[in-house]
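Chemist: Quick one, what's the 3D model for this:
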Amino acid sequence: MKTSPAVHRLRLVSGPEGLSFLLLLVCSVLKRTTDFNAVPVMGAVHGGLFVLYVVFLALAWQQQRWDAKRGIVLFVLSVLPTGGFFAERMLAKEERGEVPAAVAAA
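Modeler: Take a look at the predicted model:
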């Protein structure tokens, strides 16, 4: 099965979303330990990227006809601090055709 443009967009946003989550965690720690407070800005950046991730995930899920397990795994990765990097790697393999169609659709 050929991957859709939605899968490509999901892959492109997954890395920055994961990075923004880590930066938000760092900013949260800095807010409590120093006078530096970048949480409002980083929170907005991460929130926007997270919304894009979820929208692109829904579109890719629909267009690729993934089963519930694949969609849920990709969503859970979005709420884990380094999950975006793993999602990006999974989606890149799928785009390159390194994942058999049965596994990609399963």
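Chemist: residue furthest from the geometric center of this protein?
Modeler: For the chain, the largest distance from the centre (Cα atoms, centre = their mean) belongs to residue 35, which lies 30.5 Å off.
Chemist: Report the separation between that one and residue 41.
Modeler: 15 Å (Cβ to Cβ, to the nearest Å). Every C-beta, even on glycine, is put in place using the N, C-alpha and C of the backbone.
Chemist: Mind listing what's buried along the lengthiest helix in the chain?
Modeler: Longest helix in the chain, counting residues (DSSP state H): helix 5-33. Residues of helix 5-33 classed as buried: 6-7, 9-11, 13-21, 24, 27 (neighbour count, 16 or more other Cβ atoms under 10 Å).
Chemist: Tell me the one of those nearest residue 71?
Modeler: residue 10 (10.9 Å; Cβ to Cβ).
Chemist: Setting the sequence-adjacent residues aside, check what's closest to the closest one.
Modeler: residue 56 (4.0 Å; Cβ to Cβ, 6 or more residues apart in numbering).
Chemist: Now the helix or strand hosting the one you found: average pLDDT?
Modeler: Element membership of residue 56 [criterion: DSSP states H and E] is helix 39-64. Mean per-residue pLDDT for helix 39-64: 96.
Chemist: Could you figure out how far it is turned away from helix 5-33?
Modeler: With axes from the mean of the first three to the mean of the last three Cα atoms, to 10 degrees defining the directions, helix 39-64 sits at 160 degrees from helix 5-33.
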